[in-house]
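Asker: Sequence plus the predicted model coming up.
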Amino acid sequence: MNGKKRSLLKWTAALAIFGAQALSARAALLIDGSQITDGKFTYELKNNVGWGTSFNNDVFQKANVSPSRETNGISYVAANAGPTLASFTYKFDFSMAGYAIESVTFTDQLQRFESKATMITEYSIDGETWHTIKLLPPAPSGPSQTNVVLNLLPEYSGDVSEILYRATVTANSDGSGNPIPFTYIAYQWGRITDGNTIFSAAFDLKAVPEPSASAMMGFALALVGMGIAGVRFRQCSRAGA
């Protein structure tokens, strides 16, 4: 078996292990109208004693990551030691509130203490096509702050009521093509001191008319149009007479 085939098999095995490990999935964050003020909604994950529980409750999916809080109050989400792929996803859903997303600002922080993996944050509208927000290829350690405004109106037609945010850590391979397992808390997301915001997503929204309201409006406009056409027809008939 040549080196390319061995490498492919090793990566396939790594992905199989990732799929077999605890990939927990929860419901999306369903935002209701009472949480929206003047067309704005902000989700904040604050660094406090109970933030880890909030993170676990709020994320849509996660695998091979754990929230951690040090004795000095510094908190972060870290890739677990041992695996070669780690990820978590948030899903924000405004459909029940009757709002669509006009723009969103994601604020987070990625930090690495080793240079043996790639870190990336992405967003998606449909859960299939993902767009890069921030990419950290293997490099010397150091933080990288992300603060990105995503204006959805030019990119998508129609109303967008759901958006997913995902953070992923993917191990690089060694000289033999083997993915290098993560070491303890080497790759961190949201590292911040006590009392500060670990992650936030600030949305500008627009109200979406209910289908029944839209249908009634269309019906009313149709009736008005028919009335105008009828008046014009009668006027033409009298003129012809």
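Answerer: Yep, it's here.

Asker: so where's the protein shaky on pLDDT?
Answerer: By pLDDT under 70, the low-scoring segments of the chain are 1-26, 140-157, 211-241.

Asker: and the gap between Leu164 and Met119?
Answerer: 17 Å (CB to CB, to the nearest Å). Just so you know, the C-beta spots here come from the backbone N, C-alpha and C atoms, and that holds for glycine as well.

Asker: by contact count, what packs against the lengthiest strand in the chain?
Answerer: Ordering each strand of the chain by length in residues (DSSP state E) puts strand 99-112 first. Judged by 3 or more CB pairs under 8 Å, 6 or more residues apart in numbering; DSSP states H and E, strand 99-112 is in contact with strand 117-124, strand 131-136, strand 142-151, strand 162-171, strand 187-192, strand 197-207.

Asker: try 6 Å
Answerer: Contacts defined by 3 or more CB pairs under 6 Å, 6 or more residues apart in numbering; DSSP states H and E place strand 99-112 against strand 142-151, strand 187-192, strand 197-207.

Asker: Pairing partners for it, with directions?
Answerer: strand 142-151 (antiparallel), strand 187-192 (antiparallel), strand 197-207 (antiparallel) (DSSP bridges).

Asker: Now do the buried residues in it.
Answerer: 99-101, 104, 106-112 (16 or more other CB atoms under 10 Å).

Asker: Make CSV from these and add distance to Ile36 to it.
Answerer: Listed next are the buried residues of strand 99-112 as CSV, based on distance: CB to CB, whole Å:
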residue, distance to Ile36
Tyr99, 6
Ala100, 12
Ile101, 11
Val104, 13
Phe106, 18
Thr107, 19
Asp108, 22
Gln109, 27
Leu110, 29
Gln111, 32
Arg112, 36
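
Asker: and which of those residues is nearest Arg191?
Answerer: Gln111 (4.8 Å; CB to CB).

Asker: if I've got this straight, Ser34 is in a strand?
Answerer: No. Counting by DSSP: H, G, I helix; E, B strand; the rest coil, Ser34 is not part of a strand but helix.

Asker: Report how many residues lie close to it.
Answerer: 7 (other CB atoms under 10 Å).

Asker: Look up how far Phe41 lies from it.
Answerer: Ser34 is 10 Å from Phe41, where distance means CB to CB.

Asker: ok so, going back, now the longest strand of the chain against strand 117-124, angle please.
Answerer: 180 degrees (axes from the mean of the first three to the mean of the last three CA atoms, to 10 degrees).
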